[in-house]
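>>> quick one, fold the following:
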Amino acid sequence: MKKTAKRVLIVVVAAIVLFGCFVVIKLSAEYAQMKKELETIVLSDIDCSNLKDGNYHGNYKLGLVSARVRVRIDDGKISDIEIIEHVTGKGKKAEEIINSVMEEQSIKVDIISGATFSSKTILKAIENALDNEVQTM
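Now for the predicted structure:
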């Protein structure tokens with residue numbers, strides 16, 4: 001009986017180790033793909049002066065990180081940005097970037113250190129909202 005229990009335990013431990021290795025390999029591949037995509041993201045200058053007053057919605061997904069935003073335009077300027085949804089790992093602090101965007105009236109602002117993926121994702125969602133030029137109330 002003891003030999004059978006040891007064999008079962010060995011099989012269970014081996015299965016757990018193999019599963020853990022699979023997860024690590026999968027996450028490493030996902031991270032590498034995200035990093036590669038991150039390097040290709042180009043942020044364009046935004047010009048709000050021609051936009052009608054109202055709310056504009058945009059989103060962006062970068063691998064495991066995604067963001068949905070609402071951007072409020074008043075008198076040709078960004079008056080408010082709301083992050084409707086931000087799926088992130090450790091990049092929660094990137095949400096502070098909206099303050100810089102409103103202050104500078106530009107998406108070409110400094111990235112939040114330690115939250116690069118989320119920062120770029122939020123900025124790209126803002127850009128997409130204003131590029132779409134689809135106003136909602």
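
>>> rest of the way, CA atoms for contacts and neighbours
Will do.

>>> helix or strand for Ser49, which one?
Taking DSSP states H and E as the definition, one finds Ser49 inside no helix or strand.

>>> quick one: residues contacting it.
By C-alpha atoms under 8 Å, 6 or more residues apart in numbering, the residues touching Ser49 are 75-77.

>>> how long is stretch 101-116 end to end?
15 Å (C-alpha to C-alpha, to the nearest Å).

>>> need the residues that contact that stretch.
43-46, 77-81, 90-94, 96-97, 100, 119-120, 123, 126-127.

>>> list the ones among the contacts of Ser49 that fall in helices.
The members of those all map outside helices under DSSP state H.

>>> out of those residues, who's nearest Phe19?
Using C-alpha to C-alpha, Lys77 is the member of those that lies nearest Phe19, at 51.0 Å.

>>> what's the closest non-adjacent residue to the closest one?
Spatial nearest neighbour of Lys77, chain neighbours left out: Cys48 (5.7 Å); criterion: C-alpha to C-alpha, 6 or more residues apart in numbering.

>>> quick check: that neighbour vs Leu38, distance?
Applying C-alpha to C-alpha to Cys48 and Leu38 gives a distance of 25 Å.
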